[in-house]
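Enquirer: Task: produce atomic coordinates for the following.
(one chain, ligands or ions: 1)
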Amino acid sequence: MIPSLTNGQLLEAARRFGTPLYVYQADRITHQFQTLQQAFSGQLVRFFYAAKALTNLHILDHIRRIGADIDCSSINEVKLALQAGFNPTQILYTSNSVAFEEIEEARILGVHLNIDSLSNLEKFANAHPGNYPVGIRIRPDIMAGGNLQISTGHDRSKFGIALSDLPRVYQLVQEKKLWVRVLHIHTGSEIKDVDVFLKGLDLLLDLSAHFPQLEVIDLGGGFKVPYQEGEAGTDIPALAKGIEKKLSDYKNSGGKDLSIWFEPGKYFVAEAGNLLCTVNVIKRSGAIEFVGVDSGLNQLIRPMFYEAYHAIENISNPVGASQTYTVVGNICETDTFAEDRSLPQVREGDVLAIRNAGAYGFEMASSYNARFLPAEVMFRGGEMQLIRRRQTMEDLLLTQLPLKS
Ligand code: LLP
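Expert: Below is the predicted model:
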């Protein structure tokens, strides 16, 4: 494991660029990717970073330079990936509930496509009989993931094509010459249990006989990373072994060589990110000591939206005597980052680091309460670089039309 950024580095970034501030450690992203590559070495595997976790162009550029591919969930993410220098053949577009025109736009750009609905698949088959390969996202009826909101494979989920609709898909393959190259599932986020991926693989292998042009099984993203101390993430080496075994059994029983694709988002970037904020106010209310910071749910929504746990450290007073605090934001909503959390004594002006904020942190931020989107900084090999400036009042007004005088 590579060492994390030091408190000194983080405080220096806060001093130079102010808070709230997202700070990313590029070397950590590299380490995560290398861990995946090592575990799966010798296997036909590709890792498409799920860009939805964090789309800053400098992060995308870094991910491209280290050799990963990229998975996009909107046409605009596809355009960002192209702008970051990815070649169309490195880009996968896994959309849901999009207009067919958006799939067409992506096809014209030459990227890989995973199609999520029977309706769009029918349109695609009619428009492109046998001349453009597609992936089909299947809803496997598997319940998995950290909580219901981030579970996508169960039988009430909006994602994918239901198993009961597969006979129609087989018809499209036979009658319309639909070229199915990839079978795809994504059952959820924060899946610790390796068996969930293996069960999904079994299911797709069982369907493979219906798809003579099948070359790839795409098992989606969802690797769990530890958020709490002592928590375990997905056992990647065990997953690699399990997949290798299943694919070799498949081959031994007459199947052909298939490659595996993954689309990890959190695994690449969650642990690489910190949200730094400054303590504005300490307020005692009955038994509760509130720490009010200069950020809020507008800049990191995960605790309020998913009841997600994020470790918090007082990096400007790390050795203070421990006390219990409730850390809250400055938004006119209940926006609690952490309840009854033990922290070294917190004083007004201290800088707190909210850990594991790289994935779905900045990316889900908004300018609610007319607050500015935070700046972003990337450390690479000890070098600190501002990779997004803080918003300004002019930015907030940019799309608003002026009042008539
Ligand atoms: N592939 C597909 C098709 C997905 O829908 C997702 C995530 C991923 C890959 C990447 O999943 P990951 O490896 O990051 O778990 N905002 C939530 C997570 C939502 C995930 C949505 N789809 C959170 O902050 O927990």
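Enquirer: Specify the next element, helix or strand, located C-terminal of the longest strand along the chain.
Expert: The strand of greatest length in the chain, counted in residues with DSSP state E as the criterion, is given as strand 273-285. For strand 273-285, the following helix or strand on the C-terminal side (DSSP states H and E) is strand 288-293.
Enquirer: Remind me what that following strand packs against, helices and strands.
Expert: Taking 3 or more C-beta pairs under 8 Å, 6 or more residues apart in numbering; DSSP states H and E as contact, the helices and strands that strand 288-293 lies on are strand 273-285, strand 322-328. No exception for glycine: its C-beta is placed from N, CA and C like everyone else's.
Enquirer: Given the longest strand of the chain, what are its sheet partners and their directions?
Expert: The partner list of strand 273-285 in its sheet, established with DSSP bridges, is strand 21-25 (antiparallel), strand 288-293 (antiparallel), strand 351-354 (antiparallel).
Enquirer: which one of the ones you listed lies closest to residue 257?
Expert: Of all the strands paired with strand 273-285, the one in closest proximity to residue 257, counting by C-beta to C-beta, is strand 21-25 (36.9 Å).
Enquirer: So what touches that closest one?
Expert: Residues external to strand 21-25 that are found in contact with it (C-beta atoms under 8 Å, 6 or more residues apart in numbering): 4-5, 10, 13-14, 54, 56, 59, 269, 272-277, 357-358, 361-362, 374-379, 387.
Enquirer: Identify those among those that sit within helices.
Expert: Among the contacts of strand 21-25, the ones falling in helices (DSSP state H) are 10, 13, 14, 59, 269.
Enquirer: Output these in JSON lines; the columns should cover distance to the ligand.
Expert: Conversion of the ones in helices among the contacts of strand 21-25 to JSON lines gives the following (distance: C-beta to the nearest ligand atom, whole Å):
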{"residue": "10", "distance to the ligand": "22"}
{"residue": "13", "distance to the ligand": "23"}
{"residue": "14", "distance to the ligand": "24"}
{"residue": "59", "distance to the ligand": "14"}
{"residue": "269", "distance to the ligand": "8"}
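Enquirer: Considering those residues, which possesses the most neighbours?
Expert: residue 269 (32 neighbours; other C-beta atoms under 10 Å).
Enquirer: Skip the chain neighbours and tell me the closest residue to that one.
Expert: Sequence neighbours aside, residue 358 is the residue nearest to residue 269 in space, at 4.0 Å (criterion: C-beta to C-beta, 6 or more residues apart in numbering).
Enquirer: swap in residue 84?
Expert: With C-beta to C-beta, 6+ apart as the measure, residue 60 is the residue that lies nearest to residue 84, at 3.6 Å, once sequence neighbours are left out.
Enquirer: what's near enough to touch the one you found?
Expert: Applying C-beta under 8 Å, 6+ apart, one finds that residue 60 lies in contact with 49, 51, 70, 80, 81, 84, 86.
Enquirer: Greatest separation within these: which pair is it?
Expert: Maximum pairwise distance in those, criterion C-beta to C-beta, is 12.0 Å, between 49 and 80.
Enquirer: So these two - more neighbours on which side?
Expert: Set residue 49 next to residue 80 and count neighbours by other C-beta under 10 Å: residue 49 wins out with 32 against 18.
Enquirer: Within range of the ligand, give me the residues from the stretch 51-200 of the chain.
Expert: Contact residues, the stretch 51-200 of the chain versus the ligand (C-beta under 6 Å from any ligand atom): 53, 71, 94, 150, 186, 189.
Enquirer: re the thing from before, the ligand: which of the helices and strands packed on strand 288-293 is closest?
Expert: Between the ligand and the helices and strands packed on strand 288-293, the shortest gap by C-beta to the nearest ligand atom is with strand 273-285, which sits at 11.8 Å.
Enquirer: Could you check the pLDDT of residue 391?
Expert: As summarised for this prediction, residue 391 has a pLDDT of 98.
Enquirer: typed the wrong thing, it's residue 254
Expert: Confidence at residue 254, expressed as pLDDT, is 94.
Enquirer: For residue 208, see how far away it is.
Expert: Counting by C-beta to C-beta, to the nearest Å, the gap between residue 254 and residue 208 amounts to 11 Å.
Enquirer: what's the answer for residue 218, then?
Expert: Relative to residue 208, residue 218 is positioned 13 Å away (criterion: C-beta to C-beta).
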